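Student: have a look; sequence and predicted model below, questions after that.
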Amino acid sequence: MTNATTTVDHDDHDDHGPAYGITRWITTTNHKDIGTLYLWFAFIMLLTGGTMAMVIRAELFQPGLQFVEPQFFNQMTTMHGLIMVFGAIMPAFVGLANWMLPLMIGAPDMALPRMNNWSFWILPFAFTMLLSTLLMEGGGPAFGWTFYAPLSTTYAPASTDYFIFGVHLMGISSVMGAINVIATILNMRAPGMTLMKMPLFVWTWLITAYLLIAVMPVLAGAVTMMLTDRHFGTSFFDASGGGDPVMFQHIFWFFGHPEVYIMILPAFGIISAIIPTFARKPLFGYSSMVYATGSIAILSFMVWAHHMFTTGMPVAGELYFMYATILISIPTGVKVFNWVTTMWRGSMTFETPMLWALGFIVMFTIGGLSGLMLGVAPVDTQYHDTYFVVAHFHYVLVTGALYSIIAAYYYWVPKWTGNMYNETLGKIHFWWSTIAVNVLFFPQHFLGLAGMPRRIPDYALQFAEFNKISSIGGFAFGLAQLFFLYIIIKTIKGGKKSTDIVWEGATGLEFEALPSPAPYHSFNIAPEVK
Amino acid sequence: MSNVLKKIIPRSQMIKICMVPILMFGFGFAMVPLYDVLCEITGLNGKTGRVEASMVDESDVDTSRTIEVRFLANTGSGLPWSFEPVVTKMDVHPGQLYEAIYRVRSTTDRPTKGQAIPSVSPGIAAQYFDKTECFCFREQDLAGFEVKDMPLKFIIGNDVSDKVEQITLSYTFFSLDKV
């Protein structure tokens, strides 16, 4: 596919290589450094949000209140959601975008490297502020990550204003990052790389970036309206002033539904990169994959009220949103079938990245099936606000998005560091996590169907057994990610050296046109893409 | 932008990319009036209508059926009033104008103000429920310990669906006094 020289040995500017010490990391405009910063930040947030999950699962291990007060429990569920969504999953995907997009399109860096630095450095400030609310008087946010009004306006603690500010900062970070991604992909592709020759990960990130610039500002609007309702005399969501709490839900979910697709489309791109490599066969149906991703993105704007089926919606509304929601399963199905077809008659091996990718395909599909069930409006009345919903979104977010991020780590870390991870340890990490995650979340389907509500610190006795099982799975899954930390550090420190191509079946500029590790500055001269 | 950047990103493209978040931020706010307008046009907003008394047409009363209309009353927190419907339910014919009365009594000695907000169930019947006069149209002031009877006049459109057999009209009085 490419036959050009890879990098320039010397550039006038970087005879000294990267700067040393802490200054390097604060002032860097290098996409590899910024990618690394995002990935480490995301991992720290994963462990932080994961600790909160451990508090939740510890309290739910047995009926009764053993460890925490209900108000603190609610802060844990709220912060767990906020940290995982905005602090772990989204920054991890941005980190992968920063590392891989320039390498995949043959560009020397992102289009706006200084804005890139700022996009990252906003996040530690935003999350320090958000986490510090737990220590403030009145406690931190305790109204769920979806922060419905008026619980989050009239009845919320003083720290809510810091929550609002934190959300604004994260939103600004995401929007700037997305602008960078769009500008990079549209303008800096190597000659010969037409849009329909781009790797799928680049396509999915391009589409995700458009979703981000479209909907993050709506979230900003929603939290601004919260702020003015709280302090500046408006009544957007207050019935006594002529407003409507359901209005909040409409505005929030108009952001919220595209948001969950923002959290899964890059995952689709990662899987589309990994499967062909380990099946040693090109991706099946490249253009249908592109069109399916675009269809999912467009449809994602039109289904938001399926989160609101129990608000008293007229039947006409329920019918429309039900049909539109179920429609999204068609392009999603196209993608799943294309991955499977890619493997058909492939020459397959099952190294660690492939295991995580295969786990994604099976378990994301399970999450998708429970999503279809939730989309059927008449039965959603039973499932809404129960653990069935919790099971659904954890399957698509943990065994979906998170698995794809972990797969991406194992797949690309040899390119980043020049070191192979230990294959045995990687496989242990996979099987340990997969068994644990299913013990953790599968029983929650049954808890929900049996009537256990969400966001409760204590439950009726008939739910005790499955909660115990789920908690055991939770503790095991948490430990598995500490094991992952060990693997990450061990891989950075050294180990078997990786080849330049890393994987026998790998294609793409990052593998075929760059050494491992990729040099600090790469593609200063654009490669030629045939 | 630097010269290098100008060559990489065309200005027109940058403007378009940056306009999207700005316009969408405005769209988030615009959703508030947009929902009002669209829900009113489609009749899906669950809000009752307000009509002029002179516009009421009672020529075509549907005497073949009655709808049971129930009246509920609530007070928002912090409002020291007792609030209840004088008549708790009536059987009405669609197409005819009726009057219902709510009674409110202040249980405190200082003057107080409140605003009543209506709610109708089932929501789909709300578009057929019109009022010519209602205490909810304006704020209500009560002197210390005052008792007031507050009327409302309503008419249910005779084109309301046959499936509607019962309509519940609920009011919540919210305090307008700053605490």
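Tutor: The structure has been received and is ready for your questions. Numbers count the residues shown, from 1 in each chain, chains lettered A, B, ... in the order given.

Student: any idea how many residues pack against B:P33?
Tutor: Neighbours of B:P33 under the rule other CB atoms under 10 Å in any protein chain shown: 9. Backbone N, C-alpha and C define where each C-beta goes, glycine included.

Student: for B:R70, that is, sorry about that
Tutor: B:R70 has 15 neighbours, counted by other CB under 10 Å.

Student: report the secondary structure state of it.
Tutor: Secondary structure, DSSP: H, G, I helix; E, B strand; the rest coil: B:R70 is strand.

Student: setting the sequence-adjacent residues aside, check what's closest to residue 86.
Tutor: Just so you know, I chose chain A. Spatially, and ignoring its direct neighbours in sequence, A:F86 is nearest to A:M170 (5.0 Å; CB to CB, 6 or more residues apart in numbering or on different chains).

Student: was after chain B, sorry
Tutor: Closest residue in space to B:V86, ignoring its immediate chain neighbours: B:I101 at 4.2 Å, by CB to CB, 6+ apart.

Student: can you map out the helices along chain B?
Tutor: Using DSSP state H, the helices assigned to chain B run over residues B:3-8, B:11-42.

Student: partner residues bridging B:K89?
Tutor: Beta bridges link B:K89 to B:R70, judged by DSSP bridges.

Student: that one: what's it in contact with?
Tutor: By CB atoms under 8 Å, 6 or more residues apart in numbering or on different chains, the residues touching B:K89 are B:E68, B:V69, B:R70, B:F71.

Student: let's have the residues you listed in TSV, adding pLDDT.
Tutor: Shown next, in TSV, are those (pLDDT from 0 to 100):
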residue	pLDDT
B:E68	95
B:V69	95
B:R70	96
B:F71	96
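
Student: quick check, nearest of these to chain A?
Tutor: For the contacts of B:K89, the closest approach to chain A (CB to the nearest CB) belongs to B:R70, at 17.3 Å.

Student: just checking, that closest one touches B:E165?
Tutor: No: applying CB atoms under 8 Å, one finds B:R70 not in contact with B:E165, separated by 11.5 Å.

Student: what does chain A put close to chain B?
Tutor: Along chain A, the residues adjacent to chain B under the rule CB under 8 Å from any CB of the partner chain are A:111-112, A:175, A:179, A:182-183, A:186-188, A:210, A:213-222, A:225, A:236, A:239-240, A:242, A:247, A:250-251, A:254-255, A:312, A:314-317.

Student: make it 7 Å
Tutor: Counting by CB under 7 Å from any CB of the partner chain, chain A comes close to chain B at A:111, A:175, A:179, A:182-183, A:186-188, A:213-218, A:220-222, A:236, A:239-240, A:247, A:250-251, A:312, A:314, A:317.

Student: mind listing which of those residues are in helices?
Tutor: Among the residues of chain A next to chain B, the members found in helices (DSSP H) are A:175, A:179, A:182-183, A:186-187, A:213-218, A:220-222, A:247, A:250-251, A:317.

Student: residues in contact with the most centrally placed residue in chain B?
Tutor: Nearest residue to the geometric centre of chain B (CA atoms, centre = their mean): B:K47, 4.5 Å. Taking CB atoms under 7 Å, 6 or more residues apart in numbering or on different chains, we find B:K47 in contact with B:A126.

Student: smallest gap between chain B and chain A, at which residue?
Tutor: For chain B, CB to the nearest CB, closest residue to chain A: B:G28, 2.5 Å.

Student: what's near enough to touch the closest residue to that residue other than its chain neighbours?
Tutor: With sequence-adjacent residues excluded and distances taken as CB to CB, 6+ apart, B:G28 is closest to A:G221, at 2.5 Å. Applying CB under 7 Å, 6+ apart, one finds that A:G221 lies in contact with A:I251, B:F25, B:G28, B:F29.

Student: return the member of these nearest to A:W432.
Tutor: Nearest to A:W432 out of the contacts of A:G221 is A:I251 (CB to CB; 41.1 Å).

Student: B:T132 is in contact with B:V56, isn't it?
Tutor: Yes: between B:T132 and B:V56 there is a contact at 6.0 Å, judged by CB atoms under 7 Å.

Student: closest to B:S77 out of the contacts of A:G221?
Tutor: Among the contacts of A:G221, A:I251 lies closest to B:S77 (CB to CB), at 25.3 Å.

Student: thinking again about what came up before, ok, of the residues of chain A next to chain B, which come out buried?
Tutor: A:111, A:175, A:179, A:182-183, A:186-188, A:213-218, A:220-222, A:236, A:239-240, A:247, A:250-251, A:314, A:317 (16 or more other CB atoms under 10 Å in any protein chain shown).

Student: hang on, the earlier thing: pLDDT score assigned to the residue nearest to B:G28?
Tutor: With respect to pLDDT, A:G221 has a value of 97.

Student: circling back to that earlier point, name whatever forms a beta bridge with the residue nearest to B:V86.
Tutor: Beta bridges link B:I101 to B:P151 when assigned by DSSP bridges.

Student: is it true that it touches B:T88?
Tutor: No: counting by CB under 7 Å, B:I101 sits too far from B:T88 to count as a contact (11.0 Å).

Student: who touches A:G81 in this structure?
Tutor: Neighbour list for A:G81: A:G144, A:W145 [criterion: CB under 7 Å, 6+ apart].

Student: return the distance of it relative to chain B.
Tutor: A:G81 sits 21 Å away from chain B, going by CB to the nearest CB, to the nearest Å.

Student: neighbours of residue 44, how many?
Tutor: Here I'm looking at chain A. 17.

Student: switch to chain B, that's the one I care about
Tutor: Number of residues near B:L44 (other CB under 10 Å) recorded here: 18.

Student: contacts only, for it.
Tutor: By CB under 7 Å, 6+ apart, the residues touching B:L44 are A:P314, A:G317.

Student: what about the regular element (helix or strand) spanning A:Y38, average pLDDT?
Tutor: Per DSSP states H and E, A:Y38 falls inside helix A:31-60. For helix A:31-60, the mean pLDDT works out to 98.

Student: buried ones in that helix, by neighbour count?
Tutor: Across helix A:31-60, burial judged by 16+ other CB under 10 Å covers A:31-39, A:41-50, A:52-60.

Student: distance from that helix to the middle of the chain?
Tutor: Here helix A:31-60 is found 12 Å from its chain centre; the criterion is CA atoms, centre = their mean, to the nearest Å.

Student: now do stretch B:9-27
Tutor: Counting by CA atoms, centre = their mean, stretch B:9-27 comes out at 37 Å from the chain centroid.

Student: now swap in stretch B:56-71 and tell me
Tutor: Distance, stretch centre to chain centre, for stretch B:56-71: 21 Å (CA atoms, centre = their mean).

Student: ditto for stretch A:443-457
Tutor: Distance, stretch centre to chain centre, for stretch A:443-457: 24 Å (CA atoms, centre = their mean).

Student: what does it rub up against?
Tutor: With CB under 7 Å, 6+ apart as the criterion, stretch A:443-457 contacts A:59, A:65, A:70, A:73-74, A:77, A:144, A:370, A:383, A:385-391, A:459, A:462-463, A:466-467, A:469-470.

Student: got the CA positions of it in PDB?
Tutor: C-alpha atoms of stretch A:443-457 as PDB (Å, rounded to 0.1, in the frame of the first residue of the first chain):
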ATOM      1  CA  PRO A 443     -27.400 -11.400  36.900                       C
ATOM      2  CA  GLN A 444     -28.500  -7.700  36.800                       C
ATOM      3  CA  HIS A 445     -30.700  -8.500  33.800                       C
ATOM      4  CA  PHE A 446     -32.700 -10.800  36.100                       C
ATOM      5  CA  LEU A 447     -32.700  -8.400  39.000                       C
ATOM      6  CA  GLY A 448     -34.200  -5.800  36.700                       C
ATOM      7  CA  LEU A 449     -36.800  -8.100  35.300                       C
ATOM      8  CA  ALA A 450     -37.700  -9.200  38.800                       C
ATOM      9  CA  GLY A 451     -38.300  -5.500  39.700                       C
ATOM     10  CA  MET A 452     -35.200  -4.200  41.500                       C
ATOM     11  CA  PRO A 453     -35.100  -0.500  40.900                       C
ATOM     12  CA  ARG A 454     -31.900   1.500  40.100                       C
ATOM     13  CA  ARG A 455     -30.000   3.800  42.200                       C
ATOM     14  CA  ILE A 456     -31.000   2.300  45.600                       C
ATOM     15  CA  PRO A 457     -28.600   1.600  48.400                       C
END
